[in-house]
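Trainee: my questions are about this predicted structure, shown below with the sequence.
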Amino acid sequence: MSLLKNLDYEVVTTVKRDRLPQTIAARTKRVYDILSTVYPLSTYFFHSKAHKLALQMSGIEDGMRVLEIATGSGEMFRRLVKANRAGETVGFDLSPKMAARTLKQVRRDFPASRTQCHAVDARYLPFAEHSFDAVVCCYLLELLSQEDIVLALQEFHRVLRPKGTFTLVCIGQNAGAFNRVYRVAGSLAPAFWGRQVDERVPQMVRACSFRMRDWRQVRQSGYPSRVFVAEK
Ligand SMILES: C[S@@+](CC[C@H](N)C(=O)[O-])C[C@H]1O[C@@H](n2cnc3c(N)ncnc32)[C@H](O)[C@@H]1O
């Protein structure tokens, strides 16, 4: 018991001395874990139009091997599974509660479909290269630092097969009043809101060896989104 206490003491003092800053990912994980039960509301009010458009633009066909990155509470994931009943749809989220909720609902609604959803960090994917025909990612890049965006995009490129499609949804930056509100929200709770990156996306995606094929804007309840489709 006293050995344990000494160990605790040493760990605590080492961490204090070290002052290694807590990564934003740790806070993001905690905040999305806490909000996992109410998060579907945000999809209902702000994201569902963009999800629908993303699925249309993605070129995903039944029978493919599809990966969704950062599923959140699983609204887009359910769309993907529904469109891909003969294929395999894999998802993940940094928040274990989001991933568990997504998997539970999809297994209930589509028991015959081949699906998986686990807690994984988008910067380090546990999949072999060229494993997927299509990769989809909605509203994640806003939450990653610049270096982490590059790490994540390189991972998406690695796991996608040649000529496979990468569909990305970001918060649009084409609405001035919305941008001002978002900046304030982002400065108050960066781990939840992040910051807008939409205007830098084409350049970042190309820098990670994707070829940008198409993009479109959509707005729902005043919330702007942009859907990009790129190819490996
Ligand atoms: C704004 S929500 C979007 C959820 C969903 N994609 C949607 O369209 O509604 C962002 C999600 O990204 C997840 N996330 C944040 N950082 C992540 C990371 N490094 N790896 C995987 N998921 C991450 C959060 O846990 C959260 O569920």
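Mentor: Arrived safely, thanks for sending. The shown structure was predicted, so the numbers you read here are calculated from the model rather than taken from an experiment.

Trainee: would you map the strands across the chain?
Mentor: With strands called from DSSP state E, the chain shows them at 65-69, 88-93, 114-119, 132-138, 160-171, 211-220, 223-231.

Trainee: contact partners of the first one?
Mentor: What it means is strand 65-69. Applying Cβ atoms under 8 Å, 6 or more residues apart in numbering, the external contacts of strand 65-69 come out as 60, 76-77, 80, 84, 87-92, 122, 127, 131-138, 140, 152, 156, 159. Placement of C-beta: from N, CA and C, glycine included.

Trainee: could you tell me which strands sit next to it in the sheet, and their orientation?
Mentor: According to DSSP bridges, strand 65-69 forms sheet pairs with strand 88-93 (parallel), strand 132-138 (parallel).

Trainee: hmm, the last one in reach of the ligand?
Mentor: Yes. Using Cβ under 6 Å from any ligand atom, strand 132-138 reaches the ligand at residue 138.

Trainee: list the contacts of residue 192.
Mentor: 28, 31, 32, 35.

Trainee: any chance of the residues you listed in a markdown table with pLDDT, neighbour count and distance to the ligand as columns?
Mentor: What follows is the contacts of residue 192, written out as a markdown table (pLDDT from 0 to 100; neighbours: other Cβ atoms under 10 Å; distance: Cβ to the nearest ligand atom, whole Å):
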| residue | pLDDT | neighbour count | distance to the ligand |
| --- | --- | --- | --- |
| 28 | 92 | 20 | 5 |
| 31 | 92 | 16 | 8 |
| 32 | 93 | 22 | 3 |
| 35 | 90 | 17 | 9 |
